[in-house]
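In: got a structure for you, letters missing:
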């Protein structure tokens, strides 16, 4: 496969679960040119031209198992090493195989012994896995000698993978040396140039750079750039041990810009294996198709959550306790009954953005979304008909950063690729867009899918396709959508009575008529969707607050 194809993969997010090999096979069997993938990489565009292809790729995505291979040492205390790697990948929903490079005797007190695995047996393990299984990402941990590193590099050349995550495990959390100093030259000359991302902590970054002192965020910036010059495509310098820092500060460098990633510091003794876990979660996200920056952010968030969940956990008597990697799974299982994936009550005040209106009033999309949430909007749909894909994705990410802390779902209008790229909460599609069953296949079971419907037959199909809700309208005439026949209140009532799904009314709804919409009194009509009544107003927050008050009054009566 050409290097051009490898550059295309991150932009075609609907193929996130499909390997380069599989993509090549699809291109050959479907006579799909690279130009068509590049120029028509959005699923909603490609579907209109090649619907059978998109169906086949969706089916392949359902079958594909994302796979990380960890090449690392075994931790007898199970806090770090391959044990942490496997648990982190499991928490991320990714299959993890392993190649053991060393067997250690360690616990919460420290490392009592290291037994290196001979390089010829490391090579045999690598060949055993890579020759048989389709590995997406290789993640490295403890590599005790230069010869083991050379064996790994040779294996990766023989069996290429999508990405290589290098966690330069040289010093344990307890301060014990795990790699010989002689391995540094091989690390820097052979392994780092193959890495898609390298994730050193302060001690490891210092070791890679010959022992320089790292005592500030500015030092971390410099270190990230210097390590990048050794060959890796991305560098994450972890600042968990940064002196006099109240935050957990990491510095991510992509070769062009340093990004400072801050999070709250979790005070706990249970930090053994944090580095292994972070790198493995990054690898798992890359295996699922996430962009590198997004993979890093998700991994950082996961580790912080796991530390919070485990801060009072007591295992062992030493100063470096392990933490609970599977808290996410436990929370999910225990919360299934009381916390549904989609809450129909979120449809109450459904705000649909409009870039033209924002431009008219001289406000940014983030200002508009922030004001709508401040006024009481319960769900946001981001609609950008004119923006190019890159701008749309950036806008969606910015809006998501506003919505998530407020527990307000963010949906993307029409664009499945944009929703996948920014990890939005879901997608809303119309009757002329990609069918809902394909949207569901591409987004997976946890995301929200909404469908525009005008009649009972369309509502029935939306339910059969796996949608979470339907939008019915236009209820009244509207200027925001040309050639959109109205269904009126009677049509809305008919669709609601026939629908097995929650319904949100849309089209021409304003402060003046919202009450009459909800007063048709059908149980599954959960709210109203509005555009100009909020966004074509001087003060979005004020108008949203007025409309929310009206809706709340109707619900109370």
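Out: Alright, I've got the coordinates. Predicted, not measured: the structure shown is a model, and the values here were computed from it.
In: What is the neighbour count of residue 158?
Out: A count of nearby residues for residue 158, using other CB atoms under 10 Å, gives 11. C-beta coordinates here come from the backbone N, C-alpha and C atoms, glycine included.
In: Actually, residue 360.
Out: Quick note: residue 360 (other CB under 10 Å) scores 11 neighbours.
In: quick one, what contacts it?
Out: residue 536 (CB atoms under 8 Å, 6 or more residues apart in numbering).
In: Could you number the chain from 26 rather than 1 from now on?
Out: All set: I'll call the first residue 26, so the last point we hit is now residue 385.
In: beta partners for residue 226?
Out: residue 263 (DSSP bridges).
In: And it, how close does it get to residue 193?
Out: 9 Å (CB to CB, to the nearest Å).
In: which of these two has more neighbours?
Out: residue 193 (29 against 26).
In: which stretch of helix or strand covers that one?
Out: When secondary structure is defined by DSSP states H and E, residue 193 falls outside every helix and strand.
In: Is it correct that it is in contact with residue 228?
Out: No. Contact criterion CB atoms under 8 Å: residue 193 and residue 228 do not qualify, at 9.8 Å.
In: what touches both of these two?
Out: With CB under 8 Å, 6+ apart, residue 193 and residue 228 have no common neighbours.
In: Low-confidence bits of the stretch 226-375 of the chain, can you list those?
Out: Where the stretch 226-375 of the chain drops to pLDDT under 70, the residues are 352-366.
In: in it, which spans are helices?
Out: Ranges of helices in the stretch 226-375 of the chain, per DSSP state H, counting those that start in this stretch, are 227-233, 242-253, 299-312, 317-335, 352-360.
In: Highest average neighbour count across the ones you listed: which stretch is it?
Out: helix 299-312 (a mean of 29; mean count of other CB atoms under 10 Å).
In: mind checking which of the helices of the stretch 226-375 of the chain is nearest residue 398?
Out: The minimum distance between residue 398 and the helices of the stretch 226-375 of the chain falls on helix 317-335, with 20.7 Å, by CB to CB.
In: Quick check, central residue of the chain?
Out: By CA atoms, centre = their mean, the mean C-alpha position of the chain lies nearest to residue 448, the distance being 4.9 Å.
In: quick revisit: just put the helices of the stretch 226-375 of the chain in CSV and tack on distance to residue 130.
Out: Converted to CSV, the helices of the stretch 226-375 of the chain look like this (distance: least, CB to CB, whole Å):
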stretch, distance to residue 130
helix 227-233, 22
helix 242-253, 31
helix 299-312, 17
helix 317-335, 23
helix 352-360, 27
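In: so how far is residue 180 from residue 108?
Out: 22 Å.
In: What is the lengthiest strand in the chain packed up against?
Out: The single longest strand within the chain, with elements called by DSSP state E, is strand 120-131. Where contact means 3 or more CB pairs under 8 Å, 6 or more residues apart in numbering; DSSP states H and E, strand 120-131 is packed against strand 92-100, helix 106-116, strand 136-141, helix 144-155.
In: can you list the domain ranges for the protein.
Out: 28-88, 92-358, 369-581 (automatic domain parsing).
In: Where among those domains is average confidence lowest?
Out: Comparing mean pLDDT across the domains of the chain, the lowest value falls on domain 28-88: a mean of 49.
In: residue contacts, residue 536?
Out: Residue 536 touches 558, 568, 571, 572, 575, counting by CB under 8 Å, 6+ apart.
In: I would like a PyMOL command selecting only the buried ones among the residues you listed, please.
Out: What follows is the PyMOL syntax selecting those of those that are buried according to 16 or more other CB atoms under 10 Å:
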select buried, resi 558+568+571+572+575
